[in-house]
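Undergrad: build the 3D model from these lines:
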Amino acid sequence: MNRSNTWACYWLKRYDEEGIEGLKDKTKSGRKSELSEESEVT
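TA: As a prediction, this is how the structure comes out:
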């Protein structure tokens, strides 16, 4: 998979602590985008 041991340990820890829910993307903290969803390029 070309991933580091640190990366794998991070995801394994999330799975151990939270189960399958821990593997889902989490919301990011920080400033919200100034672009509306309609104007973002897909």
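Undergrad: residues contacting G22?
TA: Each residue near G22 by Cβ atoms under 8 Å, 6 or more residues apart in numbering is listed here: R14, Y15, D16. Where C-beta positions appear, they are placed from N, C-alpha and C, glycine not excepted.
Undergrad: let's see that with 6 Å instead.
TA: For G22, the set of contacting residues under the criterion of Cβ atoms under 6 Å, 6 or more residues apart in numbering consists of R14, Y15.
Undergrad: need the pLDDT of it.
TA: What the model reports as pLDDT for G22 is 87.
Undergrad: could you do S29 as well?
TA: If you check S29, the pLDDT there is 74.
Undergrad: just want the most central residue of this structure.
TA: Geometric centre of the chain, nearest residue: D25, 3.7 Å, by Cα atoms, centre = their mean.
Undergrad: so what's the backbone phi/psi at that one?
TA: phi -60, psi 140 (degrees, to the nearest 10).
Undergrad: all numbers from here: first residue = 270
TA: Fine by me, first position is 270 from now on; the one you just mentioned is D294.
Undergrad: and the gap between it and W280?
TA: Noted for D294: a distance of 12 Å to W280, by Cβ to Cβ, to the nearest Å.
Undergrad: before we move on, what about G288?
TA: Counting by Cβ to Cβ, the gap from G288 to W280 is 12 Å.
Undergrad: with neighbour numbers in mind, choose between those two.
TA: Under the criterion of other Cβ atoms under 10 Å, the comparison of G288 against W280 puts W280 first, with 12 against 9.
Undergrad: quick check on the more buried one: phi, psi?
TA: According to degrees, to the nearest 10, the main-chain angles of W280 amount to phi -70, psi -40.
Undergrad: pLDDT score for it?
TA: 91.
Undergrad: chain neighbours aside, what residue packs nearest to it?
TA: With Cβ to Cβ, 6 or more residues apart in numbering as the criterion, W280 has its nearest non-adjacent residue at 6.7 Å, and that residue is L292.
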